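A.B. asks: Could you look at this predicted model? Sequence included:
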Amino acid sequence: MFGVFAVVMIAAETDPFSKTVYPVFEEAGCRNCHNPDGVASATRLQFPEPGAAANRIDAFGKSLVVLVDAHNPANSLLLRKPTARVAHAGGQRIPPGSPQETALRAWIDRLVLLRGDELAAALRYREEVASGAGMERVSVALRRLTHSQYNHTVRDLLGDNSLPASQFPPEDFVNGFKNQYAAQNLSPLLEDAYSAAAEKLAKRAFRNAGSKGANTGVAALLACQPSASCRTEFIRSFGLKAFRRPLEAAELQRYESLFRKEQDFLAGAQLGVEVMLQSPNFLFRLEDTGNPKWRPYAAASRLSYALWDSMPDDALLAAAARGEFDTPQGVEKIARHMLEDPRAKEALDEFVAEWLRFDRALTAAKERRAFPQFNAGTALAMTEEARRFVSDLVWNGRDFTQIFTAGYGYMNGDLARIYKVEPPAADFERTAFPAGSERAGLLGQALFLAMTAKPDDTSPTARGLFVREQFLCQHVSDPPPGVNTNLPPVTEAKPMSNRDRLSMHTTSRTCAGCHDLIDPIGFGFEKFDAIGQRRDRLTLTFGEVVGESKEPKRKISTVEVDLDTKGQVAGLPNSAFASPKELGAVLAGSPQCQECIVKQYFRYVAGRMETPADRPLIRGVFEEFRKSGFRFQDMMVAMMAAMSRAREVPAEGGQASAARNH
């Protein structure tokens, strides 16, 4: 592993950190955990971004003085942690007595000598990085409508509930969500889908123009006499809604010209609508703009798509025209009012479905003979339970940390059989978990337990990884290429639990670094099988065909294995647990988990991962969340207000290049 440094010598006094110890840390893989979304993100050691300049790396090296014991350098955490002389979640990264340790010890001796301005600069670096102060935040000028947003937008714009985007090419999950701007380029398939949908939507809009609930702009066109003024007014009003901002004079002229090409008045209007629905101004929404007169409309769209998952309505567009989005106070007032609209509940449902990865449950397959009660209906019930559970916490103003501790679920008959309780009188009524079931919150619900399991068995690794990534916002590195992921087979002569089989990960240094961070979490769920049913022991079934008749018989035998469900979350203090209920209490009380809820919502509404420059914003919203007693609605409003006041700079990204192509 350290072949590159086999001949590392003690650094000379003039050798910088970037040339001596930094390569040692990089070779050891320390960055994999010590980064803003790594398992060690809460520690005092976080590496500069990849590709950082040498002077920044050297400043980082000096900032490590806070991990040095000036009175006894050999006792410094900077030395004892990576060499595993003290408990280290990442295990041993630098072998004791190696040339790499010699280089690190030499750097520690230099840090001990820091004095005066040099020491002050080292400490100032840490403060600046931790706070994100002075860093420029990234924003995006344009974001493509997600499929969900497209469906909701054409519903509100045209009164069309046909859900055309459900037939579009599927969206990929990036950073845990489907709306991340870096993955929003337009493929040829998607362009064709937009074109076909626009044609159908325009035809339906005019075919249904006289019906109840039809789009008011189309209905108004039919009510006026065909004339140039009627044509202009229709283009202006429909364009304002479709583009979510007023049309420029040149745009108005272009669409009027297109309108006039059709001899039939309504045919011209239909063509105009069809073309507008294919415009980048419809398909991409303004997130930020350098044009001052469009800025209020960009703010209205940003708020509308965050809180409603749809376009701004007439009232929001009018508020933009009046300048009511110009202050964080104005944004907060409007946001609170928007949360009273039913569309806010739909938007939250979309966030929850993506955050909790409903798709994994809905596409899961289970071994039929082992789990005959699992089917598509059961999977759908699992997602509905989670949706209602989260919705109740949010809209009834409950402490959102109960998402991990609540002793109840929302069950129908299928779920009641899994939970071993009497079916409720009505489907998806709130129902207490059985006493002694050790269930609590999302971690005790069938959704989480089923979607993080294999078709025929549990998966401690998948369950632990989900907790790390979704509830602690920590990224665990992918396994290196070529690693053998096969576990020892289970035989009747040598029955083993999953914990026994996964112990191979601890004997391989290549595997242990990551699996020691995730498997011990998953072990705490081993009393719950691949669809979430509770079990006290693991029953292994073995069988073979016997006899040579036309109807051979199977010789079946079973072996029961004890389950050790002791687990822990490396990196969280006092995190030992042995059940979903106990882990739920650990997470609910963890500031890292509480802040992760804020981060996940930020990632969703911002369409990107947070950067160091976003730390003040996230920290401020988290503080408001905490002060509110962890009321999710208050966090949503605080997020919208904070994002409106943040200073932003344009970013290069996927959607920008897509817009340029159109």
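C.D. replies: Alright, I've got the coordinates. Numbers count the residues shown, from 1 in each chain.
A.B. asks: Next, the contact list for the spatially most central residue of the chain, please.
C.D. replies: Centroid check for the chain by CA atoms, centre = their mean gives residue 176 as the closest residue, at 3.4 Å. The contact partners of residue 176, by CB atoms under 8 Å, 6 or more residues apart in numbering, come to 354, 355, 469, 470, 600, 603. Placement of C-beta: from N, CA and C, glycine included.
A.B. asks: Helices - which of those residues land there?
C.D. replies: In helices, defined here by DSSP state H, the members of the contacts of residue 176 are 354, 355, 600, 603.
A.B. asks: Residue 175 is in contact with the last one, correct?
C.D. replies: Looking back up the chat, that one is residue 603. Yes: Residue 603 lies in contact with residue 175 (CB atoms under 8 Å); the separation is 5.8 Å.
A.B. asks: where exactly do the strands run in the chain?
C.D. replies: Here the chain has its strands, by DSSP state E, at 137-139, 142-144, 284-286, 408-411, 429-432, 538-546, 553-561, 648-650.
A.B. asks: Quick check: which helices or strands does the third one pack against?
C.D. replies: What that stands for is strand 284-286. Applying 3 or more CB pairs under 8 Å, 6 or more residues apart in numbering; DSSP states H and E, we find strand 284-286 packed against strand 142-144, helix 295-307, helix 654-660.
A.B. asks: Show me the shaky parts of the stretch 301-450 of the chain.
C.D. replies: Across the stretch 301-450 of the chain, not a single residue meets the criterion (pLDDT under 70).
A.B. asks: ok, now the stretch 501-650 of the chain?
C.D. replies: 505-513, 544-554, 647-650.
A.B. asks: could you pull out the helices for it?
C.D. replies: Using DSSP state H, counting those that start in this stretch, the helices of the stretch 501-650 of the chain run over 504-507, 509-522, 580-588, 591-606, 615-627, 632-645.
A.B. asks: Check whether residue 39 really touches residue 477, as I assumed.
C.D. replies: No: between residue 39 and residue 477 there is no contact, the gap being 9.4 Å when judged by CB under 8 Å.
A.B. asks: Those two: which has the busier surroundings?
C.D. replies: Using other CB atoms under 10 Å, the more surrounded residue of residue 39 and residue 477 is residue 39, with 26 against 14.
A.B. asks: For the more buried one, give me its contacts.
C.D. replies: Per CB under 8 Å, 6+ apart, neighbours of residue 39: 33, 89, 90, 468, 474, 476, 517, 570, 571.
A.B. asks: From residue 50, how far out is the residue nearest to the second one when sequence neighbours are not counted?
C.D. replies: Excluding the flanking residues, the one nearest residue 89 by CB to CB, 6 or more residues apart in numbering is residue 570, at 3.9 Å. Residue 570 sits 24 Å away from residue 50 when distances are taken as CB to CB, to the nearest Å.
A.B. asks: Between these two, point out the one with more neighbours.
C.D. replies: residue 570 (19 against 8).
A.B. asks: what's the domain layout of this structure?
C.D. replies: Here the domain parsing of the chain from automatic domain parsing is 3-131, 142-351, 357-478+495-588.
A.B. asks: neighbours around the residue nearest to residue 304 when sequence neighbours are not counted, how many?
C.D. replies: Distance criterion CB to CB, 6+ apart; nearest residue to residue 304, sequence neighbours excluded, is residue 312 at 4.2 Å. For residue 312, the neighbour count with other CB under 10 Å is 26.
A.B. asks: for residue 312, what are its contacts?
C.D. replies: Contacts of residue 312 by CB under 8 Å, 6+ apart are 244, 297, 300, 301, 303, 304, 320.
A.B. asks: so residue 571 touches residue 38, yeah?
C.D. replies: No: applying CB under 8 Å as the test, residue 571 and residue 38 come out as separate, 9.7 Å apart.
A.B. asks: who touches both of those two?
C.D. replies: Listed as contacting both residue 571 and residue 38 by CB under 8 Å, 6+ apart are residue 474.
A.B. asks: In stretch 156-167, which residues are buried?
C.D. replies: 156, 157, 158, 159, 160, 164, 165 (16 or more other CB atoms under 10 Å).
A.B. asks: do the same with stretch 196-208
C.D. replies: 197, 198, 201, 202, 204, 205, 206, 208.
A.B. asks: What are the contacting residues of it?
C.D. replies: By CB under 8 Å, 6+ apart, stretch 196-208 touches 154, 158-160, 162, 164-165, 167-168, 214-215, 218, 266, 269-271, 273-275, 277-278.
A.B. asks: How far off centre is it?
C.D. replies: 35 Å (CA atoms, centre = their mean, to the nearest Å).
A.B. asks: same question, stretch 38-48
C.D. replies: Offset of stretch 38-48 from its chain centre (CA atoms, centre = their mean): 19 Å.
A.B. asks: Next: stretch 28-35.
C.D. replies: In terms of CA atoms, centre = their mean, the centre of stretch 28-35 is found 21 Å from the chain centre.
A.B. asks: what do you get for stretch 295-314?
C.D. replies: Distance of stretch 295-314 from the chain centroid (CA atoms, centre = their mean) equals 21 Å.
A.B. asks: Buried residues in that stretch, which are they?
C.D. replies: 295-313.
A.B. asks: hey, what's in contact with both of residue 603 and residue 175?
C.D. replies: Joint contacts of residue 603 and residue 175 (CB under 8 Å, 6+ apart) are residue 609.
A.B. asks: When those two are compared, which one has more neighbours?
C.D. replies: residue 603 (23 against 18).
A.B. asks: that older thread, most widely separated two among the contacts of residue 176?
C.D. replies: Spatial extent of the contacts of residue 176 (CB to CB) is set by the pair 354 and 469 at 13.1 Å.
A.B. asks: and those two? which has more neighbours close in?
C.D. replies: Just comparing residue 354 and residue 469: by other CB under 10 Å the higher neighbour count belongs to residue 354, 21 against 18.
A.B. asks: and the more buried one, what is it in contact with?
C.D. replies: 173, 176, 177, 178, 179, 604.
A.B. asks: Residue 579 - how many residues pack around it?
C.D. replies: The tally of other residues near residue 579 (other CB under 10 Å) stands at 23.
A.B. asks: Likewise for residue 103?
C.D. replies: Counted with other CB under 10 Å, residue 103 comes out at 22.
A.B. asks: ok, the closest residue to residue 458 other than its chain neighbours - contacts?
C.D. replies: Leaving aside its chain neighbours, residue 458 sits nearest to residue 530 (5.7 Å; criterion: CB to CB, 6+ apart). Contact analysis of residue 530 by CB under 8 Å, 6+ apart lists 366, 367, 370, 371, 449, 450, 453, 454, 455, 456, 457, 458.
A.B. asks: need the helices for the stretch 301-450 of the chain, in chain order.
C.D. replies: 314-321, 328-338, 342-355, 358-362, 376-395, 413-419, 446-451.
A.B. asks: So which of the ones you listed is nearest residue 619?
C.D. replies: Taking CB to CB, helix 328-338 is the member of those nearest to residue 619, at 16.3 Å.
A.B. asks: can I have the closest one written out in PDB, keeping just the CAs?
C.D. replies: C-alpha atoms of helix 328-338 as PDB (Å, rounded to 0.1, in the frame of the first residue of the first chain):
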ATOM      1  CA  PRO A 328     -35.800  37.400   3.400                       C
ATOM      2  CA  GLN A 329     -38.600  38.700   5.500                       C
ATOM      3  CA  GLY A 330     -40.900  38.800   2.400                       C
ATOM      4  CA  VAL A 331     -39.800  35.400   1.400                       C
ATOM      5  CA  GLU A 332     -40.500  34.000   4.800                       C
ATOM      6  CA  LYS A 333     -44.000  35.500   4.900                       C
ATOM      7  CA  ILE A 334     -44.800  34.100   1.400                       C
ATOM      8  CA  ALA A 335     -43.300  30.700   2.200                       C
ATOM      9  CA  ARG A 336     -45.500  30.300   5.400                       C
ATOM     10  CA  HIS A 337     -48.600  31.100   3.300                       C
ATOM     11  CA  MET A 338     -47.600  28.600   0.600                       C
END
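A.B. asks: what does it rub up against?
C.D. replies: 299, 303-304, 307-308, 316, 319, 324-325, 344, 636-638, 640-642, 644-645.
A.B. asks: Counting neighbours, which bits of it end up buried?
C.D. replies: For helix 328-338, using 16+ other CB under 10 Å, the buried residues are 328, 330, 331, 332, 334, 335, 338.
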